[in-house]
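>>> one predicted model, sequence on top.
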Amino acid sequence: MQALYAQLLVGLINGSFYALLSLGLAVIFGMLNIINFAHGALYMMGAFVAYFLLNNDYLSIGYWPALIVAPIVVGIFGMILERTMLQWLTGLDHLYGLLLTFGIALIVQGVFQNYFGSSGLPYAIPDQLKGGMNLGFMFLPVYRGWVVVFSLIVCIATWFLIEKTRLGAYLRAATENPTLVRAFGINVPRMITLTYGLGVGLAALAGVLSAPINQVRPLMGADLIIVVFAVVVIGGMGSIMGSIITGFALGVIEGLTKYFYPEASNTVVFVLMVLVLLVKPTGLTGRAA
Amino acid sequence: MTVLTDDTLPATPRAVRDEMIVFAVMALLLAAVPFSGLYPFFVMQALCFALLACAFNLLIGYGGLLSFGHAMFLGTAGYCSAHALKVWALPPELGILVGIAGAFVLSIVTGYISIRRQGIYFSMITLALSQLLYFIYLQAPFTHGEDGIQGIPQGHMFGVFDLSKPTVLYYVVLVGFLAGFLLIYRIINSPFGEVLKSIRENEQRAISLGYRTDQYKFLAFVLSGTLAGFAGALKVFVAQNASLTDVHWSMSGEVVLMTLVGGLGTIFGPVVGAFAIIAMQQYLAGFGQWVTVIQGSIFVICVLTFRRGVVGEIAHYFRRSL
């Protein structure tokens, strides 16, 4: 049973990353009409920024500040990308956004691979989160519990921001009809830039969270993003809460598969995607695309 | 779906004449390669990728469907052919047929699943399916995992042509490529191809005119996947191995890049793009991962400034369809 709970926990952690990443993809798609293929590369950048901050002799900034600094740095990088490149794709076919961001992902990953090779760099767990707790039925490493709880809080905060605040109302309105929202005097292009920064910042945050668990590697986001795409296909991008729930649920299912039938743990999300497409082609929560 | 190619004109007799002239020049140039001192292995490899890119272009350029998993057909056909040649010891022509059959079956299954969603979702689904297949091939016994199937016998085509001789192999690959290319050209200019273009331009209107657009897209997907499989089967004879790299998502990305550079929805663009990208990889092989960075930069530059691609720009300048 210990092993089952351990795999469930791993599943929940992966689910947190799926949720954070698919949430960002959904928010970006809503505003920019772009599927951000660079999301995995920017997730990796988040982890690397945390690594630099810690290992630079002058800075040696630890985990806690990195949790805020890294998403901001990567978010600014994302906003520069949006201003200099993505904004020119407005009005073009969706596929150009996919191709452009795929190119950006190749560039970012290639540059990091050149300087750091393909092997992983270690990132230590902060002192406050070291060790574990005995819950009676299982041993819970504190850091892993922290990742799950913190991701859940961030996801719900994002949901609250978009669904319940005035800013979120502007955002949703601009998703529906940008021209009309502009006519009301709201700076929609700036909102689009900030939205991209937000989505990308969420990816970077997931990267920092994962740095102590999975090592910091240039290709850590490359395979992950494909799984997240499958998550997005399953959940649909119509609803924020839908993305969060689907992300966590698929992580848990993956964890269970690792315990009961480990050979299929790599493929279970894709198989589920196929099944969902066969039964309900629009995805679980999504409207028709 | 209107911005892809604003230059695909209807097939007037003049356009067909132009295209046939370009085709004849291309065929002659390629036939002359063994006498030119060019490294035939490089050209054969480029021809296989050119056929793959043409098959991919059938789907994106004329059907408006961006498949991000076309490597799965290349790799699957490669594994099937390699297995047939090495384990079953079939002659080359049957080995190629086994590869094509493998890709055909795969394209029916994946097409049935992926065609259910449109646009951006279609791309994500094809990518996810190819990744699923990648993991299956990683674990399946007959693919030999990370090692791949190595040392594949080339044999005698139809019992006559000794494929272990580079020149003979070159002409066999060339004939295969030209046949595939002409078939794609024929499909594009058939009534089926015209309907496909109309679906790309305005699917709602095509539906209102009574076309079952899903069936057309499904058929385009199967044709494209099967032809991509043909390219994969030919590649087995050139590379003499079948490995996981042919199924990896980065290979799918390369096919997209080749077609984008040459020109989406142009007839000769994918060929130009394939030669350009393969040549670039050849010359920059010593630069390690910088090749990835350069490929990414080409993607960015093409999308931002050069959406018609090389051939598309030329065709646009001369107001011809190429």
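Thanks, I have the structure now. Numbers count the residues shown, from 1 in each chain, chains lettered A, B, ... in the order given.
>>> now do stretch B:125-137: distance to the chain's middle.
Offset of stretch B:125-137 from its chain centre (C-alpha atoms, centre = their mean, to the nearest Å): 18 Å.
>>> just how off-centre is stretch A:81-101 within its chain?
Worked out by C-alpha atoms, centre = their mean, stretch A:81-101 lies 20 Å from the chain centre.
>>> any part of it near chain B?
Yes - judged by C-beta under 8 Å from any C-beta of the partner chain, stretch A:81-101 comes into contact with chain B through A:85, A:88-89, A:92-96, A:98-100. C-beta here means a position set from N, CA and C on the backbone, and glycine is covered the same way.
>>> dump those to TSV, plus pLDDT and secondary structure.
Output for the residues of stretch A:81-101 next to chain B, formatted as TSV (pLDDT from 0 to 100; DSSP: H, G, I helix; E, B strand; the rest coil):
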residue	pLDDT	secondary structure
A:85	92	coil
A:88	90	helix
A:89	88	helix
A:92	85	coil
A:93	85	coil
A:94	83	helix
A:95	87	helix
A:96	91	helix
A:98	92	helix
A:99	93	helix
A:100	95	helix
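>>> from the residues you listed, list just the buried residues.
Among the residues of stretch A:81-101 next to chain B, those that count as buried by neighbour count (16 or more other C-beta atoms under 10 Å in any protein chain shown) are A:85, A:89, A:92-96, A:98-100.
>>> tell me the one of these nearest residue A:261?
For those, the minimum distance to residue A:261 (C-beta to C-beta) is 32.9 Å, reached by residue A:98.
>>> mind checking which helix or strand the residue nearest to residue B:236 when sequence neighbours are not counted is in?
Counting by C-beta to C-beta, 6 or more residues apart in numbering or on different chains, residue B:236 lies nearest to residue B:81, which is 4.6 Å off, once chain neighbours are set aside. Using DSSP states H and E, residue B:81 falls within helix B:71-86.
>>> residue ranges of the helices in chain B, please?
B:13-31, B:40-63, B:71-86, B:92-114, B:119-139, B:166-188, B:191-201, B:203-208, B:213-239, B:249-262, B:269-283, B:290-305, B:309-317 (DSSP state H).
>>> burial of residue B:145, as a residue count?
Using other C-beta atoms under 10 Å in any protein chain shown, residue B:145 has 12 neighbouring residues.
>>> okay, it: pLDDT?
Looking at residue B:145, its pLDDT is 80.
>>> you'd agree residue A:133 is in a strand?
Yes - assignment of residue A:133 by DSSP: H, G, I helix; E, B strand; the rest coil places it within a strand.
>>> who does it form a beta bridge with?
residue A:140 (DSSP bridges).
>>> neighbours around it, how many?
Count around residue A:133 with other C-beta under 10 Å applied: 11.
>>> do residue B:297 as well
Residues lying near residue B:297 (other C-beta under 10 Å) number 15.
>>> isn't it up against residue A:103?
Yes - counting by C-beta atoms under 8 Å, residue B:297 touches residue A:103, with 7.0 Å between them.
>>> low-confidence stretches in chain B?
By pLDDT under 70, the weakly predicted segments of chain B are B:1-11.
>>> quick one: contacts for residue A:252?
A:8, A:11-12, A:15 (C-beta atoms under 8 Å, 6 or more residues apart in numbering or on different chains).
>>> in a markdown table: these, plus neighbour count.
Formatted as a markdown table, those follow (neighbours: other C-beta atoms under 10 Å in any protein chain shown):
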| residue | neighbour count |
| --- | --- |
| A:8 | 18 |
| A:11 | 25 |
| A:12 | 20 |
| A:15 | 27 |
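>>> just to revisit the earlier point, packing partners of the helix holding residue B:81?
When contacts are defined as 3 or more C-beta pairs under 8 Å, 6 or more residues apart in numbering or on different chains; DSSP states H and E, helix B:71-86 sits against helix B:92-114, helix B:119-139, helix B:213-239, helix B:249-262.
>>> adding mean neighbour count, write these out as TSV.
Putting the helices and strands packed on helix B:71-86 into TSV (neighbours: other C-beta under 10 Å) gives the following:
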stretch	mean neighbour count
helix B:92-114	21
helix B:119-139	23
helix B:213-239	25
helix B:249-262	25
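>>> make CSV out of these and add distance to residue B:293.
Below are the helices and strands packed on helix B:71-86 laid out as CSV (distance: least, C-beta to C-beta, whole Å):
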stretch, distance to residue B:293
helix B:92-114, 30
helix B:119-139, 21
helix B:213-239, 25
helix B:249-262, 13
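>>> can you say which of those helices is nearest to residue A:163?
Of the helices and strands packed on helix B:71-86, nearest to residue A:163 by C-beta to C-beta is helix B:119-139, at 23.4 Å.
>>> anything in the closest one near chain A?
Yes - part of helix B:119-139 sits near chain A under the criterion C-beta under 8 Å from any C-beta, namely B:119-121, B:123-125, B:127-129, B:131-132, B:135-136, B:138-139.
>>> tell me how far the closest residue to residue B:149 other than its chain neighbours lies from chain A.
Leaving aside its chain neighbours, residue B:149 sits nearest to residue B:82 (4.1 Å; criterion: C-beta to C-beta, 6+ apart). Between residue B:82 and chain A the computed distance is 23 Å (C-beta to the nearest C-beta, to the nearest Å).
>>> wait, residue B:82 sits on residue B:242?
Yes - with contact defined as C-beta under 8 Å, residue B:82 reaches residue B:242; the gap is 3.9 Å.
>>> can you pull the poorly scored residue ranges out of chain A?
Along chain A, segments meeting pLDDT under 70 span A:285-289.
>>> helices or strands up against the longest helix seen in it?
Secondary structure of chain A read by DSSP H shows that its longest helix is helix A:2-32. Applying 3+ C-beta pairs under 8 Å, 6+ apart, one finds that helix A:2-32 contacts helix A:39-55, helix A:142-164, helix A:166-176, helix A:188-210, helix A:222-235, helix A:240-260.
>>> buried stuff in that helix?
Across helix A:2-32, burial judged by 16+ other C-beta under 10 Å covers A:5-32.
>>> equivalent analysis for stretch B:141-160, please.
B:143-144, B:148-149, B:152-155, B:157.
>>> residues touching the residue lying closest to residue B:33 once chain neighbours are set aside, list them.
Nearest residue to residue B:33 in three dimensions, chain neighbours excluded: residue B:43, at 5.1 Å (C-beta to C-beta, 6+ apart). By C-beta under 8 Å, 6+ apart, the residues touching residue B:43 are B:30, B:33, B:170.
>>> tell me how far the second one lies from residue B:174.
This points to residue B:33. Taking C-beta to C-beta, to the nearest Å as the measure, residue B:33 falls 8 Å from residue B:174.
>>> quick one: the spatially closest residue to residue B:53 that is not a sequence neighbour from residue B:18, how far?
In this structure, residue B:53 finds its nearest non-sequential neighbour in residue B:270, 3.4 Å apart by C-beta to C-beta, 6+ apart. Applying C-beta to C-beta, the value for residue B:270 to residue B:18 is 18 Å.
>>> more neighbours, those two?
More neighbours surround residue B:270 than the other of residue B:270 and residue B:18, with 34 against 16 (other C-beta under 10 Å).
>>> assess the claim that that one and residue B:260 are in contact.
No - Residue B:270 is beyond contact range of residue B:260, at 9.5 Å (criterion: C-beta under 8 Å).
>>> neighbours around residue A:109, how many?
The local packing of residue A:109 (other C-beta under 10 Å) involves 25 other residues.
>>> report the central residue of chain B.
The centroid of chain B falls nearest to residue B:52 when counting by C-alpha atoms, centre = their mean (1.4 Å).
>>> turn the contacts of residue B:43 into TSV, including neighbour count.
Compiled in TSV, the contacts of residue B:43 are given as follows (neighbours: other C-beta under 10 Å):
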residue	neighbour count
B:30	20
B:33	19
B:170	21
